[in-house]
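Novice: Next come a sequence and a model predicted from it.
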Amino acid sequence: MPTPREERVLQLVALCVHNGKNPYDTTGFADFVIRACASAFGSTRRSARDYVSTLIESYRFNKWKNYVKENLYLTPEEREAWLNVHS
(Lines give C-alpha, C1' and ligand atoms only; values in the text may rest on other atoms or scores of the structure.)
Protein backbone atom coordinates (compact mmCIF):
# COMPACT_ATOMS: atom_id res chain seq x y z
CA MET A 1 0.00 0.00 0.00
CA PRO A 2 1.53 3.32 -1.03
CA THR A 3 2.17 6.10 1.43
CA PRO A 4 0.20 9.35 1.04
CA ARG A 5 3.23 10.98 -0.61
CA GLU A 6 3.62 8.10 -3.07
CA GLU A 7 -0.10 8.29 -3.85
CA ARG A 8 0.22 12.00 -4.62
CA VAL A 9 3.21 11.39 -6.86
CA LEU A 10 1.19 8.79 -8.77
CA GLN A 11 -1.64 11.30 -9.15
CA LEU A 12 0.77 13.97 -10.38
CA VAL A 13 2.38 11.62 -12.87
CA ALA A 14 -1.08 10.72 -14.18
CA LEU A 15 -1.95 14.42 -14.52
CA CYS A 16 1.29 15.03 -16.40
CA VAL A 17 0.68 12.08 -18.73
CA HIS A 18 -2.90 13.25 -19.37
CA ASN A 19 -1.67 16.75 -20.22
CA GLY A 20 1.48 15.75 -22.11
CA LYS A 21 3.80 17.36 -19.56
CA ASN A 22 7.30 16.25 -18.60
CA PRO A 23 10.37 18.05 -17.29
CA TYR A 24 12.33 18.08 -20.55
CA ASP A 25 9.95 18.48 -23.47
CA THR A 26 7.46 20.90 -21.98
CA THR A 27 7.71 24.52 -20.95
CA GLY A 28 5.91 25.41 -17.76
CA PHE A 29 6.26 21.94 -16.24
CA ALA A 30 7.12 23.19 -12.75
CA ASP A 31 4.33 25.77 -12.79
CA PHE A 32 1.88 23.11 -13.92
CA VAL A 33 2.85 20.79 -11.05
CA ILE A 34 2.82 23.61 -8.48
CA ARG A 35 -0.67 24.67 -9.59
CA ALA A 36 -1.85 21.05 -9.56
CA CYS A 37 -0.51 20.57 -6.03
CA ALA A 38 -2.21 23.72 -4.82
CA SER A 39 -5.58 22.91 -6.35
CA ALA A 40 -5.68 19.13 -5.81
CA PHE A 41 -3.88 18.77 -2.48
CA GLY A 42 -3.89 22.24 -0.96
CA SER A 43 -0.10 22.06 -0.79
CA THR A 44 2.11 25.00 0.01
CA ARG A 45 4.48 26.26 -2.65
CA ARG A 46 7.40 24.76 -0.75
CA SER A 47 5.96 21.25 -0.59
CA ALA A 48 4.88 21.55 -4.23
CA ARG A 49 8.50 22.30 -5.16
CA ASP A 50 9.47 19.07 -3.37
CA TYR A 51 7.06 17.19 -5.63
CA VAL A 52 8.55 18.94 -8.66
CA SER A 53 12.03 17.82 -7.59
CA THR A 54 10.82 14.26 -7.06
CA LEU A 55 9.18 14.18 -10.49
CA ILE A 56 12.26 15.60 -12.21
CA GLU A 57 14.62 13.13 -10.53
CA SER A 58 12.41 10.13 -11.27
CA TYR A 59 12.04 11.28 -14.89
CA ARG A 60 15.83 11.50 -15.19
CA PHE A 61 16.17 8.01 -13.74
CA ASN A 62 13.75 6.10 -15.97
CA LYS A 63 11.21 8.51 -17.50
CA TRP A 64 8.57 7.62 -14.88
CA LYS A 65 8.32 4.04 -16.14
CA ASN A 66 8.03 2.70 -12.59
CA TYR A 67 5.24 5.20 -11.83
CA VAL A 68 3.36 4.67 -15.09
CA LYS A 69 3.57 0.87 -15.22
CA GLU A 70 1.09 0.19 -12.38
CA ASN A 71 -0.59 3.60 -12.11
CA LEU A 72 -4.31 3.09 -11.48
CA TYR A 73 -5.02 6.73 -12.38
CA LEU A 74 -4.13 5.92 -16.00
CA THR A 75 -6.02 3.69 -18.39
CA PRO A 76 -4.20 0.64 -19.78
CA GLU A 77 -4.06 2.40 -23.16
CA GLU A 78 -2.44 5.50 -21.64
CA ARG A 79 0.11 3.37 -19.80
CA GLU A 80 0.96 1.38 -22.93
CA ALA A 81 1.26 4.52 -25.07
CA TRP A 82 3.58 6.20 -22.54
CA LEU A 83 5.78 3.12 -22.19
CA ASN A 84 6.00 2.69 -25.98
CA VAL A 85 7.03 6.30 -26.55
CA HIS A 86 9.46 6.49 -23.62
CA SER A 87 11.15 3.09 -23.83
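Specialist: Arrived safely, thanks for sending.

Novice: From the centroid of this structure, which residue is nearest?
Specialist: The centroid of the chain falls nearest to residue 13 when counting by Cα atoms, centre = their mean (2.0 Å).

Novice: show me what contacts it?
Specialist: With contact taken as Cβ atoms under 8 Å, 6 or more residues apart in numbering, residue 13 is in contact with 55, 64, 67, 68, 71, 73. All C-beta spots, glycine's among them, are computed from the backbone N, C-alpha and C.

Novice: which one of those residues is nearest residue 27?
Specialist: residue 55 (15.3 Å; Cβ to Cβ).

Novice: Just the element for the closest one, please.
Specialist: helix 45-62 (DSSP states H and E).

Novice: which helices and strands sit right next to that helix?
Specialist: helix 4-19, helix 29-36 (3 or more Cβ pairs under 8 Å, 6 or more residues apart in numbering; DSSP states H and E).

Novice: what's the spacing between residue 23 and residue 86?
Specialist: Distance of residue 23 to residue 86, computed by Cβ to Cβ, to the nearest Å: 12 Å.

Novice: Please apply the same query to residue 78.
Specialist: Separation of residue 78 from residue 86 (Cβ to Cβ): 12 Å.

Novice: what's the answer for residue 43, then?
Specialist: For residue 43, the distance to residue 86 - Cβ to Cβ - is 26 Å.

Novice: Which one of these two is surrounded by more residues?
Specialist: More crowded of residue 43 and residue 86, by other Cβ atoms under 10 Å: residue 43, with 18 against 14.

Novice: CSV for the helices and strands packed on helix 45-62, including mean pLDDT and distance to residue 59?
Specialist: Formatted as CSV, the helices and strands packed on helix 45-62 follow (pLDDT from 0 to 100; distance: least, Cβ to Cβ, whole Å):
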stretch, mean pLDDT, distance to residue 59
helix 4-19, 96, 9
helix 29-36, 96, 9
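
Novice: want to try a markdown table for these, with distance to residue 49 as columns?
Specialist: Formatted as a markdown table, these follow (distance: least, Cβ to Cβ, whole Å):
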| stretch | distance to residue 49 |
| --- | --- |
| helix 4-19 | 13 |
| helix 29-36 | 7 |
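
Novice: wait, which of those helices is closest to residue 82?
Specialist: Evaluated over these, closeness to residue 82 peaks at helix 4-19, with 5.5 Å, by Cβ to Cβ.
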